[in-house]
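S.K.: have a look at this prediction, sequence included:
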Amino acid sequence: MMEVQVTCTGCGSGNEVHPDTAAHKLECHVCKSVTDLRFTEEHEAGILKDCPVCSRQDFYKQKDFNRKIGVALFVIAAILSIWTYGLSLLALYLVDLLLFRKLSLVAICYKCRTNFRNVSNMKDLPDFDHEMNDRIVYSDHDFKGKPLSH
């Protein structure tokens with residue numbers, strides 16, 4: 001079953017919800033702001049075609065790992081490399097390689113940053129594209145699920 005993590009627009013916290021066509025609103029567990037949801041039968045089946053929060057069709061996939069933790073680990077390894085002569089960076093590389101092989105993928109909406117886990121059509125989603133991200137975030141361009149073509 002697909003798991004959806006909606007990012008609250010009020011406070012930025014993540015709110016977990018399972019797709020249910022009867023659910024039309026989600027109340028943030030921190031700031032109590034309400035987000036409208038539009039789940040379909042496809043969402044209940046684990047198929048991701050459109051976002052239940054913003055109705056966009058532009059998604060990307062990436063490994064399911066918190067970026068802030070990754071940056072913090074790198075900073076710690078870089079500082080420790082002064083005393084370990086770079087061995088801490090090598091150790092971090094090996095940990096990163098292990099995590100890369102073990103972690104599953106997560107789909108993310110470019111527009112509202114909603115996360116989707118256990119998506120059955122994950123292989124059909126493209127990887128992150130910086131130009132698409134910039135066009136969607138800064139100029140509100142809607143690609144309607146089509147990849148960027150040049």
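M.R.: Ah, there it is. Residues are numbered from 1 along each chain as shown.
S.K.: and Lys144, how many neighbours does it have?
M.R.: 9 (other C-beta atoms under 10 Å). Using the backbone N, CA and C atoms, a C-beta is placed for each residue, glycine as well.
S.K.: just give the nearest non-adjacent residue to it, would you?
M.R.: Nearest non-adjacent residue to Lys144, counting by C-beta to C-beta, 6 or more residues apart in numbering: Gln57, 5.4 Å away.
S.K.: quick one: contacts for the residue most central in space within the chain?
M.R.: What sits nearest the mean C-alpha location of the chain, by C-alpha atoms, centre = their mean, is Ile108, with 3.5 Å. Ile108 makes contacts with Phe59, Tyr60, Lys61, Gln62, Thr114, Asn115, Phe116, as judged by C-beta atoms under 8 Å, 6 or more residues apart in numbering.
S.K.: which one of those is nearest Glu16?
M.R.: Nearest to Glu16 among these is Asn115, at 9.4 Å by C-beta to C-beta.
S.K.: secondary structure, pLDDT and neighbour count added to the contacts of Ile108, as TSV?
M.R.: Shown next, in TSV, are the contacts of Ile108 (DSSP: H, G, I helix; E, B strand; the rest coil; pLDDT from 0 to 100; neighbours: other C-beta atoms under 10 Å):
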residue	secondary structure	pLDDT	neighbour count
Phe59	strand	95	24
Tyr60	strand	95	17
Lys61	strand	95	19
Gln62	strand	94	15
Thr114	coil	93	24
Asn115	strand	94	17
Phe116	strand	96	24
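S.K.: quick one: low-confidence parts of the protein?
M.R.: Applying pLDDT under 70 to the chain picks out residues 150.
S.K.: centre of the chain to the longest helix seen in it, how far?
M.R.: With secondary structure taken from DSSP state H, the chain has its longest helix at helix 67-84. In terms of C-alpha atoms, centre = their mean, to the nearest Å, the centre of helix 67-84 is found 23 Å from the chain centre.
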